[in-house]
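J.: Just the structure for this:
(one chain, ligands or ions: 2)
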Amino acid sequence: MEAFRIPHLPSAAYYIPNFITKDEEEALLAKVYAAPKPKWVTLSRRRLQNWGKYCLTVDGVRGVPSARGTLLEPLPAWLTWPVQRLVEQGVFPADAPANHCLVNEYLPGQGIMPHEDGPFYLPCVATISLGSHTVLDLYPPQEQSHRDGCGENGCESDSAHARLPAASLLLERRSLFVQCDDVYRSYMHGIAERAEDDLANTDGTLLLPPPQAAIQERSTRVSLTYRRVAKAIRSPMLFRR
Ligand SMILES: O=C(O)CCC(=O)C(=O)O
Ligand SMILES: [Fe+2]
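T.: Residues are numbered from 1 along each chain as shown. Ligands and ions are numbered 1, 2, ... in the order given. Down below sits the predicted model:
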């Protein structure tokens, strides 16, 4: 992985262009869009699918995260081969592979507020981009008191937008982006709500290689974000009284 390390950032962020082939991208997108309608959670700025884990409410039914714990269910087969490739690539160890995947869909003009993914997961997230590039902004650490609401993707911050990103990274379609350890724990990441990106005019450092044209129009992007749930309970039976 060292060969793919992004310079000028703390330990550690990595970028691998063309991590998957065009055929693999097409097959993954077909599966994402073949998922049953109720699998989609529609938020104001994007839609998402949650695979591999679910949480219990105090009543013991599926629902939002709670102190009762996180339960794991196996990832479907179509989301499993990338898990294996991430192990082969050295992103996750073979004895602790990714066991959870959030699938995000962004239409042009949509994004995600600056946030951190939080202690729910081991400090490493691997993102495969499908269908479109995007530009991901990384924001340097800030005071605890500025952290706002917490939800499915971690803790968000409105105030981070007011600051300049430490880096803006071009994530091409079919690429892999990995953030671990210090970057995972202390930086926030977000995607500005834009329909196009002016790659000649970013606030922070832009990841090379530069594309042919400075203005890149976004199309619909689907991201597969693989993580490992830190502490999971494997059997719902534990919750029966
Ligand atoms: O779509 C992306 O690349 C970022 C998604 C993200 O930050 C998340 O799911 O927590
Ligand atoms: Fe995130």
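J.: Any regions of the protein where pLDDT drops low?
T.: 54-70, 143-162, 202-212, 232-241 (pLDDT under 70).
J.: residue ranges of the helices in it, please?
T.: For the chain, the helices defined by DSSP state H occupy 22-34, 81-88, 181-186.
J.: would you list these in JSON lines and tack on mean neighbour count and distance to ligand 1?
T.: C-beta: built from backbone N, CA, C; applies to glycine. Compiled in JSON lines, these are given as follows (neighbours: other CB atoms under 10 Å; distance: least, CB to the nearest ligand atom, whole Å):
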{"stretch": "helix 22-34", "mean neighbour count": "14", "distance to ligand 1": "13"}
{"stretch": "helix 81-88", "mean neighbour count": "16", "distance to ligand 1": "14"}
{"stretch": "helix 181-186", "mean neighbour count": "17", "distance to ligand 1": "11"}
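J.: Is residue 191 in contact with residue 115, as I believe?
T.: No - contact criterion CB atoms under 8 Å: residue 191 and residue 115 do not qualify, at 10.4 Å.
J.: hang on, the earlier thing: identify whichever of the helices of the chain lies nearest to residue 133.
T.: Between residue 133 and those, the tightest spacing by CB to CB is seen for helix 22-34, at 12.5 Å.
J.: who does the closest one touch, helix- and strand-wise?
T.: Under the contact definition 3 or more CB pairs under 8 Å, 6 or more residues apart in numbering; DSSP states H and E, helix 22-34 sits against strand 124-130, strand 221-227.
J.: and the nearest residue to residue 18 once chain neighbours are set aside, what does it touch?
T.: The shortest distance from residue 18 to any non-neighbouring residue, by CB to CB, 6 or more residues apart in numbering, is to residue 174 (5.4 Å). The contact partners of residue 174, by CB atoms under 8 Å, 6 or more residues apart in numbering, come to 17-22, 24-25, 128-130.
J.: at 7 Å what do you get?
T.: Contacts for residue 174 (CB atoms under 7 Å, 6 or more residues apart in numbering) come out as 18-20, 25, 129.
J.: so what's the backbone phi/psi at it?
T.: The phi/psi pair for residue 174 (degrees, to the nearest 10) reads phi 70, psi 0.
J.: Kindly report the same for residue 172.
T.: Torsion angles, degrees, to the nearest 10, at residue 172: phi -80, psi 160.
J.: That one against residue 134, yeah?
T.: No - Residue 172 is beyond contact range of residue 134, at 9.0 Å (criterion: CB atoms under 7 Å).
J.: All set now, cheers.
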